[in-house]
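Enquirer: the following block contains a protein sequence and its predicted model.
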Amino acid sequence: MANLDVALKGAMSIDGAIGVALVDYTSGMTLGVAGGTAELDLTVAAAGNTEVVRAKIRTMEMLKLNDTIEDILITLGSQYHVIRPLRSHSGKGLFLYLMLSKSRANLALARHQLRGIEESLEL
């Protein structure tokens, strides 16, 4: 079991990682951040993506889909943004937000590693 700092450091060790955050999607508050760039405020990006998560949850409810979100992928010209809602009871309402360099990341491997980090995260 990993605490938040260990989990964030683990996510930053994923090939191509630019930044990672743990975010509360009910409030938009960032609970922890690692990495990022001077040009990109990771806290603002993470908070903005709470709307993406909320919209997907609302859509699933309207469609009466009895399922869970594994992850949400946003592909930009030079980056991947992976949003992974936590499934544990203690992680309800939280998601991991990982930004990756498209040219340096292996998306399948990054998703696999992020899933492992989520499963080991102790809140």
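Expert: Arrived safely. Residues are numbered from 1 along each chain as shown.
Enquirer: residue nearest the middle of the protein, spatially speaking?
Expert: Tyr97 (2.1 Å; CA atoms, centre = their mean).
Enquirer: can you give me the strands in this structure?
Expert: With DSSP state E as the criterion, the chain has strands at 17-24, 30-35, 72-75, 79-85, 94-101.
Enquirer: mean pLDDT and distance to Ile57 added to these, as TSV?
Expert: Glycine gets a C-beta too; all of them are placed from N, C-alpha and C. Listed next are the strands of the chain as TSV, based on pLDDT from 0 to 100; distance: least, CB to CB, whole Å:
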stretch	mean pLDDT	distance to Ile57
strand 17-24	96	14
strand 30-35	95	19
strand 72-75	97	10
strand 79-85	97	8
strand 94-101	96	11
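Enquirer: quick one: least confident helix or strand in this structure?
Expert: The helix or strand of the chain with the poorest confidence is helix 42-48; it has a mean of 92 (mean pLDDT, DSSP states H and E).
Enquirer: and the contacts of stretch 72-85?
Expert: 16, 18, 25, 45, 49, 52-53, 56, 68-71, 94-103, 105, 107, 110-111, 114-115, 118 (CB atoms under 8 Å, 6 or more residues apart in numbering).
Enquirer: quick one, what contacts the nearest residue to Gly10 once chain neighbours are set aside?
Expert: In space, and not counting its chain neighbours, Gly10 is closest to Ile117: 5.0 Å by CB to CB, 6 or more residues apart in numbering. Each residue near Ile117 by CB under 8 Å, 6+ apart is listed here: 2, 7, 10-11, 96.
Enquirer: gap between Ile117 and Leu98?
Expert: Ile117 sits 9 Å away from Leu98, going by CB to CB, to the nearest Å.
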